[in-house]
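Engineer: Coordinates for the following, if possible.
(2 chains)
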Amino acid sequence: MTRRLVVLLAVGLMAACGGSSAGATSSTPQTSLTVFAAASLQPAFDKIGARLMTTGNVKTTFIYAGTQVLTSHLTQGAQADVFASADTAHMTTVETAGLLSGPSQIFVRNRLEITVAKGNPKGIHTLADLARTGLVVVLADPSVPAGKYAQQALTKAHVTVKPASFELQVTGVLSKVALGEADAGIVYVSDVVTSGRVDGVTIPEDQNVLADYPIATLKSASNAAGAKAFIDFVLSPDGQAILKAAGFQGV
Amino acid sequence: MSQGRVPAALVALAGIGLLFFFLPLAGLIVRAPWDQAVASISSAETVTALELSLFCSAAATAIALVLGIPLALVLSRTSGMVRAVLRALTTLPMVLPPVVGGVALLLAFGRTGLVGSLLYRAFGVQIPFTTAAAVMAETFVAMPFLVIAVEAGLRSLDPRYEEAARALGARGWMVFARVTLPLLRPAILSGAVLCWARALGEFGATITFAGNFPGRTQTVPIAVYVALETHPDSAILLSLVLLAVSVAILAGLRDRWLGAI
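Structural biologist: Just a heads-up that it's a prediction; the model follows:
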């Protein structure tokens, strides 16, 4: 029983390895790049990665997680070429640890939105509605940038909510609403735009929070030139267009 | 065998294996901020998480005992295809990534899930984000350990005891309660301990199915994860507390019960 399982796993592994090496044939030699990116950047960065694969033959590997997780991995010695954070505080932590090869720069901005089920069946229109009893609201944990921003927005709106859960990354909030387990949550506008499975309720300007996303090359980069090219592309009109299409605000 | 000399090469390999287990523990112990230990461990958050973890893992073990022993009995009395399928089903949570297990639980018992939607429509009950959800997640992941241990015990059982009981006129339930269960005690205890330990350390299925809320679903492993980002010192101490509790109980049960596996 166990032996058969091991054989199956081994065969699967070989198939997986064979599949990935088969695609590496092109005119320019392929280079690889590792990017640590905040979970909210996934839809846009996946597109950017695909674009760089076709135009520059760069194989970009993205590690997506809550910015706080990426930060602790980097300070514990994880190796990568680029770090894209969902807030400046965590970028500062990484910079203070002496892990950046140069200064970081803000490459995109994001705003918060209330996320609800398609068609907004619970009739949620303001942050104050989130305090209604009987409503299942999930937020990101305050240790996660999106959770910190959500707290700031709720404070500005003078609203106290009793969340059912503090999710460990913003995509957790989104999936709980998309799966119908939660009635509402606070996420980034970009999350709602790219999800397609939820609706968004706009939070007015005076209660909203502008999230700055900084990006930087890491000192541990094994492909510093590739890292610079990646950041240049993200800041270029083409890169910014991809980010804007994913619901971000350009810089 | 126990009296023979172990070849030096094997001793060396055993030493490396032991170091591999010991060094991470040493890392925790060396890096722990002992000066803040008392304040951190007696803090309200830590006590809450620890209480919740002990409750959930005990409840999960209790459910696993009630459902898992009969399951092991049925498994041990089947053969061929039926057994292969049943066995694969019961051991699936051991190889499934816990997060996937959590998603599967959501799709079954969530508000819009297969069973959960009926519950929600009929009684307005929502399982996710409750302590019950945390207990269910831990049971899902940990019960196979008990089932496997008890089934192994059942298979090594001498069938003559049960036959003798039956020959003397005992009925099915009586044979189970008076003969089978007492004979199985070592296997049940070792299975229960493994099941409890696995439940105590559960993270992936719990965070996915039950979420994270202090006092309700934030068990110690989740509290450690959250603290790791904001207060690494208290995360280390919390890990040590979990370690101490586990070691105390495992050592308390000792070889005679764990030796059954």
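Engineer: Give me the pLDDT value at A:V251.
Structural biologist: At A:V251, the pLDDT value in this model is 86.
Engineer: That one is in contact with A:R109, isn't it?
Structural biologist: Yes: contact criterion CB atoms under 8 Å: A:V251 and A:R109 qualify, at 6.5 Å. In short, each C-beta sits where N, CA and C put it, glycine included.
Engineer: Between those two, which has more neighbouring residues?
Structural biologist: Between A:V251 and A:R109, counted using other CB atoms under 10 Å in any protein chain shown, the more crowded position is A:R109 (16 against 13).
Engineer: residue boundaries of the helices in the chain?
Structural biologist: Defaulting to chain A. With DSSP state H as the criterion, chain A has helices at A:2-22, A:42-56, A:67-75, A:88-96, A:145-156, A:170-178, A:189-195, A:224-235, A:237-245.
Engineer: that's the wrong chain, I meant chain B
Structural biologist: Using DSSP H, the helices of chain B run over B:8-31, B:37-41, B:44-76, B:80-95, B:98-109, B:116-123, B:131-155, B:159-167, B:172-175, B:181-200, B:204-209, B:220-230, B:232-258.
Engineer: so what secondary structure elements neighbour the third one?
Structural biologist: Spelled out, that is helix B:44-76. Where contact means 3 or more CB pairs under 8 Å, 6 or more residues apart in numbering or on different chains; DSSP states H and E, helix B:44-76 is packed against helix B:80-95, helix B:131-155, helix B:181-200, helix B:220-230, helix B:232-258.
Engineer: Phi, psi for A:V144 please.
Structural biologist: Main-chain dihedrals, A:V144, degrees, to the nearest 10: phi -90, psi 140.
Engineer: Could you list which residues are in contact with the closest residue to A:L52 other than its chain neighbours?
Structural biologist: Using CB to CB, 6 or more residues apart in numbering or on different chains and skipping residues adjacent in sequence, the residue nearest A:L52 is A:V58, 4.5 Å away. Listed by CB atoms under 8 Å, 6 or more residues apart in numbering or on different chains, the contact set of A:V58 reads A:Q30, A:T31, A:S32, A:L33, A:L52, A:G226, A:A229, A:F230.
Engineer: Give me the spatial nearest neighbour of B:V99, chain neighbours excluded.
Structural biologist: Closest residue to B:V99 apart from its sequence neighbours, by CB to CB, 6+ apart: B:G204 at 4.2 Å.
Engineer: So which of the helices of chain B is the most surrounded?
Structural biologist: Stretch with highest mean neighbour count among those: helix B:204-209 (a mean of 26; mean count of other CB atoms under 10 Å in any protein chain shown).
Engineer: mean confidence for that one?
Structural biologist: Per-residue scores along helix B:204-209 average to 95.
Engineer: now for it, which elements pack on it?
Structural biologist: Secondary elements touching helix B:204-209 (3+ CB pairs under 8 Å, 6+ apart): helix B:98-109, helix B:131-155, helix B:220-230.
Engineer: export these to CSV and tack on distance to B:P182?
Structural biologist: CSV is the format used below for the helices and strands packed on helix B:204-209 (distance: least, CB to CB, whole Å):
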stretch, distance to B:P182
helix B:98-109, 34
helix B:131-155, 12
helix B:220-230, 34
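Engineer: Mean pLDDT lowest where, among the ones you listed?
Structural biologist: Ranked by mean pLDDT, the helices and strands packed on helix B:204-209 bottom out at helix B:220-230, which scores a mean of 86.
Engineer: angle of that helix against helix B:181-200?
Structural biologist: Going by axes from the mean of the first three to the mean of the last three CA atoms, to 10 degrees, helix B:220-230 is angled at 20 degrees with respect to helix B:181-200.
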